[in-house]
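>>> got a structure for you, letters missing:
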């Protein structure tokens with residue numbers, strides 16, 4: 001059923017500065033609470049007799065839900081489930097993006113780290129939101145159902161796992177970049193390796209003969225150059241065999 005949920009703009013009496021630090025503040029049986037979604041703060045006030053939301057976005061999320069228990073405790077439980085659903089949906093999208101980016105990196109299609117940095121930032125935001133709701137649930141555990149507390153814990157563990165996995169993306173990306181650089185160096189080394197015999201012959205003829213062209217057009221030169229040409233061909237075959245070319 002639809003519940004009548006109170007919404008009031010953040011009042012001056014709300015200890016915002018302290019709640020921003022501690023996330024949960026208790027005074028005379030009334031709890032001032034801050035949760036987060038996508039890094040944005042959501043404030044509300046809770047007691048066993050009433051619950052008042054102070055964030056428009058949170059109010060819109062909760063007010064459209066069908067709630068079985070419209071008591072303050074029932075609405076408190078629903079607030080946690082609404083945010084958990086949003087965090088879980090976002091986390092699923094991040095897992096899919098992680099898997100997609102992992103495939104792109106390992107196939108060499110990612111040429112810079114911008115996409116990795118953006119994904120890492122979104123994952124850390126999701127983890128931060130999950131950490132906040134986990135901490136608040138621990139503080140308010142006596143008002144929440146055991147199922148709610150377990151679901152919050154599961155959400156936190158999944159967010160933590162995603163953060164751990166996302167850290168591997170940098171290592172994988174740097175490894176791929178290093179492998180690509182190694183391939184380039186191997187090809188350049190191979191080219192230098194092939195031209196070394198030719199360079200040696202060119203140096204000999206340049207020093208010892210005044211007319212290189214006339215010197216080359218005779219059978220003695222062909223005999224002299226034959227081992228060099230054969231060696232060059234063998235080097236190319238060898239480098240192809242070890243996949244340096």
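Done, it's in. None of the values given here were measured: they were computed from a predicted structure. Numbering: from 1, shown residues only.
>>> for residue 34, phi and psi?
Phi and psi for residue 34, reported as degrees, to the nearest 10, are phi -130, psi 120.
>>> just want the most central residue of this protein.
residue 120 (3.2 Å; C-alpha atoms, centre = their mean).
>>> that residue: what secondary structure?
helix (DSSP: H, G, I helix; E, B strand; the rest coil).
>>> excluding chain neighbours, what is closest to it?
Using C-beta to C-beta, 6 or more residues apart in numbering and skipping the chain neighbours, the partner closest in space to residue 120 is residue 166 (5.4 Å). The C-beta positions use only the backbone N, C-alpha and C, and glycine is treated the same way.
>>> now do the same for the one you found: its pLDDT.
Residue 166 is assigned 80 on the pLDDT scale.
>>> cool, residue 154 as well?
According to the prediction, residue 154 has pLDDT 95.
>>> and for residue 55?
For residue 55, pLDDT reads 94.
>>> quick one: it from residue 20, how far?
Distance of residue 55 to residue 20, computed by C-beta to C-beta, to the nearest Å: 13 Å.
>>> got it, and residue 45?
From residue 45 to residue 20 the distance is 15 Å (C-beta to C-beta).
>>> of the two, who's got more company?
residue 45 (20 against 12; other C-beta atoms under 10 Å).
>>> thought the residue nearest to the centre of the chain was touching residue 164?
No - look at residue 120 against residue 164 with C-beta atoms under 8 Å: they stay out of range, at 11.9 Å.
>>> can you pull the contacts of the residue nearest to residue 120?
When contacts are counted by C-beta atoms under 8 Å, 6 or more residues apart in numbering, residue 166 touches 98, 119-120, 123.
>>> tabulate these (a markdown table), appending distance to residue 72 and pLDDT.
Shown next, in a markdown table, are those (distance: C-beta to C-beta, whole Å; pLDDT from 0 to 100):
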| residue | distance to residue 72 | pLDDT |
| --- | --- | --- |
| 98 | 38 | 84 |
| 119 | 38 | 85 |
| 120 | 38 | 86 |
| 123 | 34 | 91 |
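>>> can you redo the residues you listed as JSON lines with distance to residue 66?
Formatted as JSON lines, the contacts of residue 166 follow (distance: C-beta to C-beta, whole Å):
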{"residue": "98", "distance to residue 66": "33"}
{"residue": "119", "distance to residue 66": "34"}
{"residue": "120", "distance to residue 66": "37"}
{"residue": "123", "distance to residue 66": "31"}
